[in-house]
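Engineer: Fold the following, please.
(4 chains)
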Amino acid sequence: MVELQNPFKKITSLDVALEQLHDGMTIMFGGFGGVGSPPTLIEGMIAKNLTDLTLIGNDTGFPQIGIGKIVSQGRVRKIIASHIGSNPIAGRLMNEGRLEVEFSPQGTLVERIRAGGMGLGAILSDVGIDNEIVSAGKKRIELNGRTYLVEPALTAQVSIVYAKKADPYGNLIYDKSARNTNPLVAMAGNFTIAEVEEIVPLGSLSPEEIVTPGVFVDMIILSSGVNWKWAWE
Amino acid sequence: MVELQNPFKKITSLDVALEQLHDGMTIMFGGFGGVGSPPTLIEGMIAKNLTDLTLIGNDTGFPQIGIGKIVSQGRVRKIIASHIGSNPIAGRLMNEGRLEVEFSPQGTLVERIRAGGMGLGAILSDVGIDNEIVSAGKKRIELNGRTYLVEPALTAQVSIVYAKKADPYGNLIYDKSARNTNPLVAMAGNFTIAEVEEIVPLGSLSPEEIVTPGVFVDMIILSSGVNWKWAWE
Amino acid sequence: MGLNLDVRNKMAKRAAEEITDGMVVNLGIGIPSLVPNHLPETMTVMFHAENGILGMGPSPATGKEDGNLCNAGGFPVTVVPGASYFDSVTAFGMIRRGKIDVSILGSLQVSSTGDLANWIIPGKKVPGMGGAMELASKANKLIVLMNHTDKTGRPKILEKCTLPLTAKKCVDLIITELAVFEIVNEKLMLIQHFHTTTVDEIISKTACDILIAENLKVIDF
Amino acid sequence: MGLNLDVRNKMAKRAAEEITDGMVVNLGIGIPSLVPNHLPETMTVMFHAENGILGMGPSPATGKEDGNLCNAGGFPVTVVPGASYFDSVTAFGMIRRGKIDVSILGSLQVSSTGDLANWIIPGKKVPGMGGAMELASKANKLIVLMNHTDKTGRPKILEKCTLPLTAKKCVDLIITELAVFEIVNEKLMLIQHFHTTTVDEIISKTACDILIAENLKVIDF
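Structural biologist: Numbering: from 1, shown residues only, chains lettered A, B, ... in the order given. As a prediction, the model looks like this:
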C-alpha cells in the first residue's frame, strides 16, 4: 500500500473524527433515504452513545438504514427534515412527544442548507406559503407584487457527508445519485467530516470533475462501506 | 463528418438562434472579463444591429473583448453588473448619461442570477448593507439579530452562454475558468442559447461530469471560436 | 381496498397518454411508477428524480442493482443516454423554474377546485411533504393518480379537502380506477370513464358537483 | 507617482510574511499579485480566484497561456495539484462563508478605524466594486497594500475616508512603501517601517492619529 501524503493534515481515523462529535450537538448529515449517508460515521456515533442530538437532513432514512439507525434509538431530540415516512419509528417517537420534527419542503430545505453553506442569511420562496405548518413563524415579504416566505439559512456545528473519492485537500467527488444532498451539507457545516470510499493522491482528481472543493472539508476518513441492507434487497 | 442526431431539435444555426433576440430585450450573458463569453452570438448580435438592450452579467468586458464589443457600440440602455472598470468606454457612456449601470457586488449578483434560475424570489445577504448605492431601494430584514438586504432574483428573456461541449439534449460542460458565471446564467434565462465549441453525440458525456443539465438549455449552436485578442496578448 | 395490478396498470396506461415526446416527467411512488411501462419504446422522455437525476431508465435486472443509483423513493434505477446527476438543490431548481412538464402523484384527497392534500393525516400518518409541495405548485401539469374512494369507501374527491393541503388549485387532471376528470378554471369536469363503470356510479362516489363533458368518452381498455 | 518594481516587491515581500502553510489566499490585482514570488517554494498555499478557481499556480510561460484559464483580473494562470474549478457563485460562497484566510487588496483610502474605500471616485473613476465588498467584509484577515499617498501627495490613510466606502472596519493590516500598520479595536498602530524612512516622515504623510508600537521594528530589506 502506498503511504498517502497528508500535507493538509485532514486525513485521520474514525476515532479522531468522533472526537468532534458530542451530546447535544447540531449535526447535519448527507443522504436521501439512506443513499449517500456515511455508514461508518453513523456506526461510530452509535458506538459513542451520542444522545440529545439535533439533526438536519433530508429525511429520517429507514429504521435500520442511514441516519434512521440513530433516530430509531431515540438519540435525537429534534430533526429538521422534509419527511419521515420511510421510518415508522420516527413517526412513533414524534407522536409520543419524544422527537421534535420541523418539516421543511424538500426543495426549500436543501436551499436553506445551501444558503448556510454559502454564507447567506436566507432565501425567499413561495413554496408552502399557503401551508400553516411550513409558514408558521416565518416572515413574509412582498416583492414585485408577489408574496414570499423568508426561509432562514441552516448551518450545523458539524456536517457529516459520504463521498466516493477524496484527495488529501478534501476535494470530493460523489457516486451517481449518492451525490444528492451531500455537496450542500458539506458546505453548511462549521466543521465538515467526509467519509469516503477511497482517498487518492493530490492531483489525481481533475479540477473539472471536483464537485466539493476541499476548502469546505476539514477532516477525511476512510469508509468501511455500507453496512445495512437496502429496503429493496 | 458524422451527421449528428437532433432528437430534441435544440441544435440549430446562428441565424435561427438570432431570431430569438430583439431590440429592447433583457439579455443575460455568461463570462467574466470576456473569458467564457460567447463570441459568435455576440458577433451575430452586432451584425443584427440589436439596440436598446438591457444586459445582465458580471462586467462589461474590455472595449473589444466579450460583451464589451456590444457595450462599446452604444447598443445597451442599461446593464446590471459588478464592475465596468476594464471597459473605459462603458464608463464614459455612463458618465455621459447614455448607459445606465446598476452595480451589484459580484457575489451578490451571481447569487441573484442563480436565484432566478432556481425559481426563488430573492436571497438575503449582508454584503454592502452599509453602502448607499448597493442598498438603495432594497428592503431590509432582521433575522436572528442580524440585518440583511433583500436581493431580488434576476432572470432574463434570453440567456447566452459559452461552453466547451454540448450533447443534443443541451447538457453542457465548460472549460477551466471559462465556466465562471455560465452555469448560473444558463439557468436564469427564460430561453437559453448555448454556443459551444463542440457538439457530441447523446450519451458521450458522463452523467457525472455534466455541469449544466440540458433541461436548462433551449438551443445549441456551434461556435466559430474566440475572435478577439486577449488583453494580455 | 388496494386495487389489483390490472386496474392499476389501466390507470397508468391512461396517464401515459398525457406524455408526449421530449417531455420532462416526474413520477411519484406507487401507481405513477407504472406509467413508463405504457410509453412507446421510441418515445424520448426524460424522467426526473428529486434526489438528483434527470434521464432515468427502466429498473435494473435483479442482481444488477446499484445502491448508489436510486430514485427518490429509494428504488434502484438505470439511466438513459443524455442523463445527468446533480445535487438535490438543482433537482428542485428544475421543479421551481417550471422545467417539469408533467408530474404524476398519488393523493389522499383532491378538491373540485384542484386543491391537493397528500402529505399528512393529523394524529395518524405523518410522512412529511417531501418534495410534493414543490411538484404540486410548480409542475406545468399535475396529474393525480389515486383510488376513487378511501379504504372505508369514502370519496377522495371533495368539495373541499378535510386534510391539510399540500398546495391549492394545482391539480389539472385526476385519474381514478373509475374515471378521468379535468380541472379547468377551478371546475371539475368528467371527461372520460372506464367501460367498467357508469356515470351514476361515479357521481355517487364523488363528494362534489361534477360537470360532464359534452364529448364524454368511454375508455375501452 | 507609481512605485518602482523594487519598492513594490519589498511591499509584496512584507505581505508574504503574513501567509503561513495551508492558507487560502485571495490576491487583488496590482502589487498584491507580486506576493506569491516571495513565498517559499515548499509552502502549500491555495490561491483563490473569484471567477472560480482554487489552487492557482504561477503564471504560464509566454506562449503557454490558455485563454480559458485566467484569474479574476483576466490574466493567464496555471493550477497546482489539488486545484478545482467551479462557478463564480461557489467562489463567492467560499468568501462569504469565511474560508478565505487572507485577502490582499489595493485601496484608494483606508481610515484609522479600518474602513476601506476602493471602489469608486464619484464623477471620475467608476470601476464598480467587483468582488471587493465580499472580500473586504468576509475575509478572515484583510491586508491593504497601497501607496502611502496619492498621485498628488495627499495621505491615503485618514481619520475618515472621503470616498464612498467599500466596507466598514474591515482592514486588519496596511502595508505601504513606508510602513506597516495594524488596526486593532479600531485603532491604527504603526508596528514596522522600512529602513528608508523615519517615524516623523510617516506621521507627516498620514492624516490621522497613530499609535506607535512599543516594539516598533525596522524592516531591513
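Engineer: is stretch C:12-19 up against chain B anywhere?
Structural biologist: No: contact of stretch C:12-19 with chain B (CB under 8 Å from any CB of the partner chain) is absent, the minimum separation being 15.3 Å. In this view, the C-beta of every residue, glycine as well, is placed from N, C-alpha and C.
Engineer: Contacts for that stretch, please.
Structural biologist: With contact meaning CB atoms under 8 Å, 6 or more residues apart in numbering or on different chains, stretch C:12-19 is reached by C:25, C:31-32, C:34-39, C:43, C:45, C:102, C:104, C:141, C:143, C:145, C:173, C:175, C:180, C:192, C:219, C:221.
Engineer: Only the buried residues of the top helix by length along chain C, if you could.
Structural biologist: Ranked by residue count and defined by DSSP state H, the top helix of chain C is helix C:5-16. By neighbour count on 16 or more other CB atoms under 10 Å in any protein chain shown, the buried set for helix C:5-16 is C:7-16.
Engineer: Output that helix in PDB with nothing but the alpha carbons.
Structural biologist: Output of helix C:5-16 as PDB, limited to C-alpha atoms (Å, rounded to 0.1, in the frame of the first residue of the first chain):
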ATOM      1  CA  LEU C   5     -52.400  -4.700 -10.700                       C
ATOM      2  CA  ASP C   6     -54.600  -5.000 -13.800                       C
ATOM      3  CA  VAL C   7     -56.700  -2.000 -12.700                       C
ATOM      4  CA  ARG C   8     -53.600   0.000 -11.600                       C
ATOM      5  CA  ASN C   9     -52.000  -0.700 -15.000                       C
ATOM      6  CA  LYS C  10     -55.000   0.600 -16.800                       C
ATOM      7  CA  MET C  11     -54.900   3.800 -14.800                       C
ATOM      8  CA  ALA C  12     -51.200   4.100 -15.600                       C
ATOM      9  CA  LYS C  13     -51.900   3.400 -19.200                       C
ATOM     10  CA  ARG C  14     -54.400   6.200 -19.300                       C
ATOM     11  CA  ALA C  15     -51.900   8.500 -17.600                       C
ATOM     12  CA  ALA C  16     -49.200   7.600 -20.100                       C
END
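Engineer: mean confidence for stretch C:190-207?
Structural biologist: Per-region confidence: stretch C:190-207 scores 97 on mean pLDDT.
Engineer: now do the same end-to-end measure for that stretch.
Structural biologist: With CA to CA, to the nearest Å as the measure, the first residue of stretch C:190-207 is 13 Å from its last.
Engineer: Equivalent analysis for stretch C:171-191, please.
Structural biologist: End-to-end span of stretch C:171-191 (CA to CA): 15 Å.
Engineer: In strands only, show me the contacts of stretch C:12-19.
Structural biologist: Counted as lying in strands by DSSP state E, out of the contacts of stretch C:12-19, are C:25, C:102, C:104, C:141, C:143, C:145, C:173, C:175, C:180, C:192, C:219.
Engineer: what's the closest of these to A:Val127?
Structural biologist: Taking CB to CB as the measure, A:Val127 sits nearest to C:Lys141 out of these, at 17.8 Å.
Engineer: Please name the residues that touch the closest one.
Structural biologist: C:Lys141 neighbours (CB under 8 Å, 6+ apart): C:18, C:101-103, C:172-173.
Engineer: Which of these ranks first by neighbour count?
Structural biologist: Within the contacts of C:Lys141, C:Ser103 tops the neighbour count with 27 neighbours, counted by other CB atoms under 10 Å in any protein chain shown.
Engineer: what about that one, distance to chain A?
Structural biologist: C:Ser103 sits at a distance of 13 Å from chain A (criterion: CB to the nearest CB, to the nearest Å).
Engineer: What sits closest to that residue if chain neighbours are left out?
Structural biologist: C:Ala139 (3.5 Å; CB to CB, 6 or more residues apart in numbering or on different chains).
Engineer: Is there contact, residue-wise, from the longest helix seen in chain A to chain B?
Structural biologist: Determined from DSSP H, the single longest helix within chain A is helix A:106-117. Yes: applying CB under 8 Å from any CB, one finds helix A:106-117 touching chain B at A:111, A:115.
Engineer: I'd like to know which elements that helix is packed against.
Structural biologist: For helix A:106-117, the packing partners by 3 or more CB pairs under 8 Å, 6 or more residues apart in numbering or on different chains; DSSP states H and E come out as strand A:122-125, strand A:146-152, helix A:182-188, helix C:88-96, helix C:132-138.
Engineer: Okay, now the unreliable bits of chain A?
Structural biologist: For chain A, the stretches flagged by pLDDT under 70 are A:1-3.
Engineer: near chain B, which residues of chain C show up?
Structural biologist: Residues of chain C lying near chain B (CB under 8 Å from any CB): C:22, C:24, C:44, C:46, C:48, C:53-55, C:79, C:81-86, C:89-90, C:92-99, C:138.
Engineer: give me that answer again for 6 Å
Structural biologist: Contacts of chain C with chain B, taken as CB under 6 Å from any CB of the partner chain, map to C:22, C:24, C:44, C:54, C:79, C:81-86, C:93-94, C:96-97, C:99.
Engineer: A:Ser125 versus the residue of chain A most remote from its centre, what's the distance?
Structural biologist: In chain A, the greatest distance from the average C-alpha position (CA atoms, centre = their mean) is reached by A:Gly145, at 35.2 Å. Taking CB to CB, to the nearest Å as the measure, A:Gly145 falls 16 Å from A:Ser125.
Engineer: give me the beta-bridge partners of the residue positioned nearest the centre of chain A?
Structural biologist: Geometric centre of chain A, nearest residue: A:Phe29, 1.9 Å, by CA atoms, centre = their mean. With DSSP bridges as the criterion, A:Phe29 is bridged to A:Ile160.
Engineer: and it, what does it touch?
Structural biologist: A:37, A:57, A:67, A:160 (CB atoms under 6 Å, 6 or more residues apart in numbering or on different chains).
Engineer: give me that answer again for 7 Å
Structural biologist: Listed by CB atoms under 7 Å, 6 or more residues apart in numbering or on different chains, the contact partners of A:Phe29 are A:37, A:55, A:57, A:67, A:160, A:185.
Engineer: So which of these is the closest to chain C?
Structural biologist: Looking at those and their distance to chain C, the nearest is A:Val185, at 9.6 Å (CB to the nearest CB).
Engineer: Next, work out how far apart the residue nearest to the closest one when sequence neighbours are not counted and C:Leu142 are.
Structural biologist: In space, and not counting its chain neighbours, A:Val185 is closest to A:Gly30: 4.3 Å by CB to CB, 6+ apart. For A:Gly30, the distance to C:Leu142 (CB to CB) stands at 30 Å.
Engineer: Could you do A:Phe29 as well?
Structural biologist: 31 Å.
Engineer: For C:Lys141, give the beta-bridge partners.
Structural biologist: Beta-bridge pairing for C:Lys141 (DSSP bridges): C:Val102.
Engineer: so where is chain C shaky, pLDDT-wise?
Structural biologist: Under the criterion pLDDT under 70, the flagged ranges of chain C are C:1-2.
Engineer: for chain A, what are the nearby residues on it?
Structural biologist: Selection of chain C residues close to chain A by CB under 7 Å from any CB of the partner chain yields C:50-53, C:65-70, C:74-76, C:85, C:87-89, C:92, C:95-96, C:126-131, C:133-134, C:137, C:165, C:167-168.
Engineer: Now the buried members of the residues you listed.
Structural biologist: By 16+ other CB under 10 Å, the residues of chain C next to chain A give C:50-53, C:65, C:67-70, C:74-76, C:85, C:87-89, C:92, C:95-96, C:126-131, C:133-134, C:137, C:165, C:167-168 as buried.
Engineer: Settle this for me: A:Ala186 is touching A:Val215, isn't it.
Structural biologist: No: under the criterion of CB atoms under 7 Å, A:Ala186 makes no contact with A:Val215, lying 10.3 Å away.
Engineer: who has more neighbours, these two?
Structural biologist: A:Ala186 (31 against 23).
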